[in-house]
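Student: kindly return the folded structure for what I paste below:
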Amino acid sequence: MAFFGLKKFPAPIAAPLWPFYTAGAVVLYGISQAASAMAQSDEFKNDPRNRFVSKVKAAEKH
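Tutor: Numbers count the residues shown, from 1 in each chain. Now for the predicted structure:
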């Protein structure tokens, strides 16, 4: 079936790119974990831009 006049070719898209998808997911997870660890450090505990301020203050009350 032609979609906007383009022919469909049986070219694999995801199969040759799976290492890049996997590496991207690993890098994204690592950056997320590093950013969370840095945001919860003592240096940035009282920074108003910190998204974990409410969680840190709630943990200190207990």
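Student: check contacts around L28.
Tutor: By C-beta atoms under 8 Å, 6 or more residues apart in numbering, no residues touch L28. Quick note: C-beta positions are derived from backbone N, CA and C, even for glycine.
Student: helix, strand or coil for it?
Tutor: helix (DSSP: H, G, I helix; E, B strand; the rest coil).
Student: got a pLDDT number for A14?
Tutor: Note on A14: pLDDT of 84.
Student: what ranges does this structure have for its helices?
Tutor: For the chain, applying DSSP state H gives helices covering 14-39, 53-61.
Student: in JSON lines, list the ones you listed along with distance to N46.
Tutor: Formatted as JSON lines, those follow (distance: least, C-beta to C-beta, whole Å):
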{"stretch": "helix 14-39", "distance to N46": "12"}
{"stretch": "helix 53-61", "distance to N46": "8"}
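Student: could you tell me the least trusted of the ones you listed?
Tutor: helix 53-61 - the lowest mean pLDDT of those, at a mean of 68.
Student: list the contacts of P12.
Tutor: Contacts of P12 (C-beta under 8 Å, 6+ apart): none.
Student: against F3, how distant is it?
Tutor: Shown here: P12 relative to F3, a distance of 18 Å by C-beta to C-beta, to the nearest Å.
Student: S41: how many residues sit nearby?
Tutor: Around S41 there are 9 other residues, counting by other C-beta atoms under 10 Å.
Student: and it, how far from A23?
Tutor: From S41 across to A23, the span is 27 Å (C-beta to C-beta).
Student: M38 too?
Tutor: Counting by C-beta to C-beta, the gap from M38 to A23 is 22 Å.
Student: then A34?
Tutor: Counting by C-beta to C-beta, the gap from A34 to A23 is 16 Å.
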